[in-house]
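Here is my input; please provide its structure:
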Amino acid sequence: VLALIAAACSDSNVDYSLSPDELVTTYDIVDGLIMIDDAYTRAQSVWPGFDPNVEPVVLALKGKDGLRGAIAINHPKSGELGTVTPIDVPGASFTSADLITEPGDSEPLADVVAFEFNVELAGVDSFVMEVDPSKDAFSLTNIEYPSTLVHEMFHRWQNANFTGGAPNQDVAGYAYTSDNFALAMLEDRALVEALTTDDDDERQKFARWFAAIRLQRRVNDQRVLLDGDQERIEGTARFIEHAMNANPDQGKYHSGNFDADLRLPLSEIELVKDYYGFGRFYATGAGVMELLQRLSVADAPAQVGGGEVPVSVLINALSLEFSEVEALVAEAKASLDPSGDIEALAAEAVARSESEPGVFGSEATPIAEAEDFVDDADGLIIEGEQLECIEDAGVADGDEISEEILRDCGVLE
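The predicted structure follows:
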């Protein structure tokens, strides 16, 4: 995720002016590695087969003048990466932790922005993530750094170990409709209740409501299949974060707040499309995996790793029949939306989504945002006379800019 929102490109220059001791102090390397080692230990038992200590990791130490060095963790050929100084991490379970100064092959490290799942270093397929104190999310001692590292490392592990078809990722073509928004909101309420009750019978009831609503959404619009596919990938990685962190001192997402993001009111959702077409699936996927644990579905990780989406595992575990769906959805509406406020919220969500850019800025953009708009897919930048031309064409604030106008105003060739 952070790779999608990283604001700056990596400086390909290098700066090896700091000594090993200065690097250790500047980047708080020992303290950072203690935090990472602790996170590794807590993550080892979360998902069968996933062990962070098995993965060769290289952390690229960045500064304003470029790459300054690297840290190799559990890398079998760290001695071939550059000048090596072993790092003493008290009590660590790492096979090895080495400071690399003057890396022999600096370009792959200097070029990494945020992280890369697979980079060949000294002939070893390595996971690389940057460390840059000027970017809060990439400061080595930020409590989120170990969680992000493990989350993204789990994606690398998924790529090598999950089987099944390629996920559906048609975010631009998703169902941004009133009916889908309304049922998604109701679904969130059911999942929150299932995750927060201490009563086994109540948990079963809310879980059945949630599963029935998802089935109804699938029937209403096949584009909802995106939910399950993204929950299988991003939701399970977020589940790792929650499950490995026992409390807020270990990360934003922890074992006590699986429901936190599911409670977000519409007023606090900055972009509707970004949330309902992408971001929401982290929370719903993690929540369903946790619910499966609480329902004692022991083989859920194996099923998901073998190709099933988490919600399908839940539906099967509950022995839910489609003939029950209509009645269960009606029960959920009566209980979880007694005042009928969801309908108005869904209408508001549709209205907002119609004036928003596509997810990650990949579609047309409202004129109000055009001056700062960069299209990641096509490299479009709208500015100066082009913006004036678009305004002269009669496009008002909140309107989407058509492809024809973009061509007439010289934005597209």
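
Distance check, the residue lying closest to E343 once chain neighbours are set aside against R218.
Of all residues not flanking E343 in the chain, A182 sits nearest, at 6.0 Å (C-beta to C-beta, 6 or more residues apart in numbering). Placement of C-beta: from N, CA and C, glycine included. Distance of A182 to R218, given as C-beta to C-beta, to the nearest Å: 15 Å.

before we move on, the earlier item: mind exporting the strand or helix carrying the residue nearest to E343 as CSV, just the C-alpha atoms?
Taking DSSP states H and E as the criterion, A182 maps to helix 178-196. What follows is helix 178-196, C-alpha atoms only, in CSV (Å, rounded to 0.1, in the frame of the first residue of the first chain):
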residue,chain,number,x,y,z
SER,A,178,-26.4,3.2,-4.0
ASP,A,179,-27.5,-0.4,-3.5
ASN,A,180,-24.0,-1.7,-3.1
PHE,A,181,-23.0,1.1,-0.7
ALA,A,182,-26.0,0.5,1.4
LEU,A,183,-25.5,-3.2,1.8
ALA,A,184,-21.7,-2.7,2.4
MET,A,185,-22.5,-0.3,5.2
LEU,A,186,-24.9,-2.9,6.7
GLU,A,187,-22.3,-5.6,6.2
ASP,A,188,-19.8,-3.6,8.2
ARG,A,189,-22.2,-3.2,11.1
ALA,A,190,-22.8,-6.9,11.2
LEU,A,191,-19.1,-7.7,11.2
VAL,A,192,-18.4,-5.2,14.0
GLU,A,193,-21.1,-6.9,16.1
ALA,A,194,-19.7,-10.3,15.3
LEU,A,195,-16.2,-9.2,16.3
THR,A,196,-17.1,-7.4,19.5
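
pLDDT on the helix or strand that it is followed by, on average?
Where DSSP H and E defines the elements, the next helix or strand beyond helix 178-196 is helix 200-220. Here helix 200-220 scores 98 as its mean pLDDT.

what helices or strands is helix 200-220 leaning on?
Packing partners of helix 200-220 (3 or more C-beta pairs under 8 Å, 6 or more residues apart in numbering; DSSP states H and E): helix 178-196, helix 225-230, helix 280-294, helix 310-317, helix 325-336.

What are the buried residues along that helix?
Residues of helix 200-220 classed as buried under the neighbour-count rule (16 or more other C-beta atoms under 10 Å) are 203, 205-218.

Distance of the closest residue to Q158 other than its chain neighbours relative to D221?
Spatial nearest neighbour of Q158, excluding adjacent residues (C-beta to C-beta, 6+ apart): I233 at 6.5 Å. Per C-beta to C-beta, I233 is found 21 Å from D221.

now G306
Distance, G306 to D221, using C-beta to C-beta: 26 Å.

Spell out the residue ranges of the helices in the stretch 301-413 of the chain.
Secondary structure of the stretch 301-413 of the chain, counting by DSSP state H, counting those that start in this stretch: helices at 310-317, 325-336, 341-354, 384-392, 403-408.

Tell me the span between the first and last residue of stretch 110-125.
With C-alpha to C-alpha, to the nearest Å as the measure, stretch 110-125 spans 17 Å from end to end.

So which bits of it are buried?
110-112, 114-117, 119, 121-122, 124.

what do you get for stretch 252-263?
Residues of stretch 252-263 classed as buried: 253-254, 257-259, 261-262 (neighbour count, 16+ other C-beta under 10 Å).

Could I get the CA-only coordinates of it as CSV?
Taking Å, rounded to 0.1, in the frame of the first residue of the first chain, the C-alpha atoms of stretch 252-263 are listed here in CSV:
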residue,chain,number,x,y,z
LYS,A,252,-1.8,1.0,15.0
TYR,A,253,-3.5,-2.3,14.2
HIS,A,254,-3.5,-4.8,17.0
SER,A,255,-5.5,-7.7,18.4
GLY,A,256,-7.9,-5.5,20.3
ASN,A,257,-9.1,-3.4,17.4
PHE,A,258,-10.1,-5.5,14.4
ASP,A,259,-13.3,-3.5,14.3
ALA,A,260,-11.7,0.0,14.3
ASP,A,261,-11.7,0.8,10.6
LEU,A,262,-15.1,-0.9,10.1
ARG,A,263,-16.6,1.8,12.3
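
Next, count neighbours for the residue nearest to I405 when sequence neighbours are not counted.
Among residues not flanking I405 along the chain, A393 sits closest, at 5.0 Å (C-beta to C-beta, 6+ apart). A393 has 16 neighbouring residues, counting by other C-beta atoms under 10 Å.

Would you check that A393 makes contact with L406?
No: using C-beta atoms under 8 Å, A393 is not in contact with L406, being 9.8 Å away.

dump the residue contacts of A243.
The contact partners of A243, by C-beta atoms under 8 Å, 6 or more residues apart in numbering, come to 46, 255, 290.

from what I can see the residue nearest to E343 touches A344, true?
No: counting by C-beta under 8 Å, A182 sits too far from A344 to count as a contact (9.6 Å).

could the buried residues of stretch 110-125 be laid out in TSV, adding distance to R189?
As requested, those are exported to TSV (distance: C-beta to C-beta, whole Å):
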residue	distance to R189
A110	47
D111	45
V112	41
A114	34
F115	34
E116	38
F117	35
V119	43
L121	47
A122	51
V124	47
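
picking up where we left off before, neighbour count winner among G306 and D221?
Neighbour totals were compared for G306 and D221, and D221 leads with 14 against 11 (other C-beta under 10 Å).

Contact partners for the more buried one?
D221 touches 175, 177, 179-180, counting by C-beta under 8 Å, 6+ apart.

now with 6 Å?
D221 is in contact with 175, 180, counting by C-beta atoms under 6 Å, 6 or more residues apart in numbering.

gap between it and L33?
D221 is 47 Å from L33, by C-beta to C-beta.

can you check A344 too?
For A344, the distance to L33 equals 51 Å [C-beta to C-beta].

who's more crowded, these two?
Taking neighbours as other C-beta under 10 Å, A344 and L33 compare with L33 leading, 24 against 12.
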